[in-house]
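J.: pasting the sequence and the predicted coordinates here, then a few questions.
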Amino acid sequence: MREAVEAYEKGYIPKDGFITHRFSPEDMHKAYEMMENGDTSYLKGVVVFD
């Protein structure tokens with residue numbers, strides 16, 4: 001785990017590589033549903049404000 005964090009911090013792993021989903025504020029309920037249901041496609045979600 002330590003090596004993975006160091007690689008991330010040094011930029012060897014792209015930051016967006018962990019983001020699997022983007023949600024609008026109106027769709028936050030979808031993010032919570034995915035997390036609660038253990039959706040295996042969900043790794044990290046972010047809220048995008050346009």
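T.: Arrived safely, thanks for sending. Residues are numbered from 1 along each chain as shown.
J.: please count neighbours and contacts with C-alpha atoms only from this point.
T.: OK.
J.: who's in contact with Gly45?
T.: Residues in contact with Gly45 (CA atoms under 8 Å, 6 or more residues apart in numbering) are Ile19, Thr20, His21, Arg22, Phe23, Ala31.
J.: Met1 versus the second one, what's the distance?
T.: Same thing as Thr20. Counting by CA to CA, to the nearest Å, the separation of Thr20 from Met1 is 20 Å.
J.: and the two? which has more neighbours close in?
T.: Relative neighbour count places Thr20 above the other of Thr20 and Met1, with 12 against 6, counting by other CA atoms under 10 Å.
J.: does that one touch Val47 like I think?
T.: No: with contacts counted by CA atoms under 8 Å, Thr20 stays clear of Val47, the gap being 11.6 Å.
J.: picking up where we left off before, dump the contacts of Gly45 into CSV; add secondary structure, pLDDT and distance to Ser41 as well.
T.: Below are those laid out as CSV (DSSP: H, G, I helix; E, B strand; the rest coil; pLDDT from 0 to 100; distance: CA to CA, whole Å):
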residue, secondary structure, pLDDT, distance to Ser41
Ile19, coil, 86, 11
Thr20, coil, 90, 7
His21, strand, 93, 9
Arg22, strand, 94, 13
Phe23, strand, 96, 14
Ala31, helix, 91, 12
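J.: break down this structure into its strands, ranges please.
T.: When secondary structure is read from DSSP state E, the chain shows strands at 21-23, 45-47.
J.: given the first one, what are its sheet partners and their directions?
T.: Here the strand partners of strand 21-23, with direction, are listed using DSSP bridges: strand 45-47 (parallel).
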